[in-house]
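J.: Please work out how this folds:
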Amino acid sequence: MAKKTVIKKKKSEAVKNIPKGRLYVTATFNNTLVNLTDPQGQSLAWSSSGASGFKGARKATPFAAITAVEKVSLKAKEVGMSALEVFIKGPGPGRDAAIRALKNSGLNVVMIADVTPVPHNGPRAKKRRRV
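T.: Below you'll find the predicted structure:
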């Protein structure tokens with residue numbers, strides 16, 4: 001008997017054209033995470049220092065953050081994005097490097113906002129020392 005060959009059709013992805021978007025950068029002391037979304041908040045692309053191939057202490061460097069942002073900016077250009085709103089969170093060393101890399105990538109940065117959470121009162125203080 002002859003075998004039947006079944007040909008599966010792949011869903012053709014429509015080429016998206018999203019002119020504006022948001023870029024969320026989370027810079028921790030150990031890593032830098034970058035997430036690209038459309039204006040509604042649906043994720044289009046992401047990258048991190050670890051996903052760029054850095055391990056250990058090198059993940060926390062500004063150079064690692066630059067490579068993560070460059071990966072995401074290439075994807076943004078593929079989607080047809082030209083303007084970005086940037087939201088930065090965290091105290092890590094990749095903060096400033098991420099913004100610099102974005103400006104060099106050719107994308108128009110419309111707004112930069114620091115959304116680092118700041119405690120209003122903080123945790124409970126230690127009890128007073130008795131001598």
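
J.: which residues does Gly21 contact?
T.: Taking Cβ atoms under 8 Å, 6 or more residues apart in numbering as the criterion, Gly21 is in contact with 36-39, 44, 76, 79, 81, 83-85. Every residue, glycine included, has its C-beta placed from N, CA and C.

J.: quick one: strands adjacent to the host helix or strand of it?
T.: Element membership for Gly21 (DSSP states H and E) is strand 20-27. Sheet pairing of strand 20-27 (DSSP bridges) gives strand 32-37 (antiparallel), strand 83-89 (parallel).

J.: got the buried residues for that strand?
T.: Under the neighbour-count criterion of 16 or more other Cβ atoms under 10 Å, strand 20-27 has 21-27 buried.

J.: export that strand as CSV, just CAs?
T.: Extracted as CSV, the C-alpha positions of strand 20-27 are listed here (Å, rounded to 0.1, in the frame of the first residue of the first chain):
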residue,chain,number,x,y,z
LYS,A,20,3.8,53.4,18.3
GLY,A,21,4.7,51.1,21.2
ARG,A,22,6.0,50.9,24.7
LEU,A,23,9.3,49.6,25.9
TYR,A,24,9.6,48.4,29.5
VAL,A,25,13.1,48.1,30.9
THR,A,26,13.6,46.4,34.3
ALA,A,27,17.2,46.9,35.5
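
J.: picking up where we left off before, adding mean neighbour count and distance to Phe54, write the strands paired with strand 20-27 out as TSV.
T.: Shown next, in TSV, are the strands paired with strand 20-27 (neighbours: other Cβ atoms under 10 Å; distance: least, Cβ to Cβ, whole Å):
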stretch	mean neighbour count	distance to Phe54
strand 32-37	24	10
strand 83-89	18	20
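
J.: and the spatially most central residue of the chain, what are its bridge partners?
T.: Residue closest to the mean C-alpha point of the chain, counted by Cα atoms, centre = their mean, is Val34 at 1.1 Å. Per DSSP bridges, the residues bridged to Val34 are Val25, Ser47.
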